[in-house]
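# coordinates only, sequence not included:
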């Protein structure tokens, strides 16, 4: 495993491409996260740090970002995305999953609104899908589930700006789909494999990368 530390969004992208998978937060595999590989001084400083790097990395076109690791956030490289999609979706496009009774109605509502627009800020997606004050409850669970199943990703974070035009506060997630980012044919290019084969390919890759991680920990990452 690379011992490099991370100092920029370019470093995050490069490490994601090297490893294929890069969780944002510390997890069951020591050292396998942005959190552990970014100097503590950069987390809450005047200069941009890992919180601010997420947007540039996500919109780079070289990786995807979302809650992809045990309901927590991280990056997956463009190269490994099709196999992750195949094993997480079990070979199903969303509509086919719903038609077979394997997806919830509220998930379909959110997914249909998002795909109709191509991308939406989280506040707009909640509003358009009927969530918020006086509306449906449980949006966070729905959007997390759709990300874990690889039907939804985050392609940017947008910030409020002060009167000088400087960004401030926490970035607001802009949701989209992998198909919107990379095209349907590429995203589904591993559908020709059995989902179990894609899962095995990812597990074997991570086992080579992380020889001391342990099989069970790797399977938690694969999902």
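Everything's here; your move. Remember, predicted model here, so these are calculated numbers, not experimental data.
# end-to-end on stretch 66-86?
The first and last residues of stretch 66-86 sit 16 Å apart, counting by CA to CA, to the nearest Å.
# as a whole number, average confidence for that stretch?
When pLDDT is averaged along stretch 66-86, the result is 97.
# Centre of the chain to it, how far?
Remark: stretch 66-86 is offset 5 Å from the chain centroid, using CA atoms, centre = their mean, to the nearest Å.
# Please read off the pLDDT at residue 138 from the model.
95.
# Give me the neighbour count for it.
Neighbours of residue 138 under the rule other CB atoms under 10 Å: 11. For glycine as for every other residue, the C-beta is placed from the backbone atoms N, C-alpha and C.
# neighbouring contacts of the helix or strand residue 75 falls within?
For residue 75, the host element (DSSP states H and E) is strand 72-77. Residues lying outside strand 72-77 but in contact with it, judged by CB atoms under 8 Å, 6 or more residues apart in numbering, are 12-13, 16-17, 19-25, 27, 33-34, 54, 57-58, 62-68, 84.
# sec struct for the residue most central in space within the chain, please.
By CA atoms, centre = their mean, the mean C-alpha position of the chain lies nearest to residue 66, the distance being 2.0 Å. Using DSSP: H, G, I helix; E, B strand; the rest coil, the secondary structure recorded for residue 66 is strand.
# element containing residue 201, please.
helix 195-209.
# Please identify the buried residues of that helix?
Neighbour-count burial for helix 195-209, with 16 or more other CB atoms under 10 Å as criterion, is recorded at 195, 198, 199, 201, 202, 203, 205, 206, 209.
# Need the residues that contact that helix.
Against helix 195-209 from outside (CB under 8 Å, 6+ apart): 1, 19-21, 80, 82-84, 86-87, 89-91, 190, 193, 213, 215, 218-219, 221-222.
# let's see it at 10 Å
For helix 195-209, contacts defined as CB atoms under 10 Å, 6 or more residues apart in numbering pick out 1-2, 18-21, 29, 32, 76, 80, 82-92, 190-191, 193-194, 213-215, 217-219, 221-223.
# angle of it against strand 72-77?
90 degrees (axes from the mean of the first three to the mean of the last three CA atoms, to 10 degrees).
# Please compute how far stretch 24-35 lies from its chain's middle.
Stretch 24-35 has its C-alpha centroid displaced from the chain centroid by 15 Å (CA atoms, centre = their mean).
# Now do the buried residues in it.
With burial defined by 16+ other CB under 10 Å, the residues of stretch 24-35 counted as buried are 24, 27, 29, 32, 33, 34.
# CSV please, covering those and showing distance to residue 180.
CSV is the format used below for the buried residues of stretch 24-35 (distance: CB to CB, whole Å):
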residue, distance to residue 180
24, 22
27, 28
29, 30
32, 28
33, 27
34, 24
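# quick check, nearest of the residues you listed to residue 178?
residue 24 (17.9 Å; CB to CB).
# what about the closest one, distance to residue 185?
29 Å (CB to CB, to the nearest Å).
# Enumerate every residue touching the closest residue to residue 111 other than its chain neighbours.
Leaving aside its chain neighbours, residue 111 sits nearest to residue 94 (5.5 Å; criterion: CB to CB, 6 or more residues apart in numbering). Shown in contact with residue 94 (CB under 10 Å, 6+ apart): 102-103, 107-108, 111-112, 115, 146, 149-152, 177, 179.
# Please apply the same query to residue 113.
Residues near residue 113 by CB under 10 Å, 6+ apart: 120, 124, 125, 126, 127, 128, 129, 130, 175.
# Thank you kindly, that will do.
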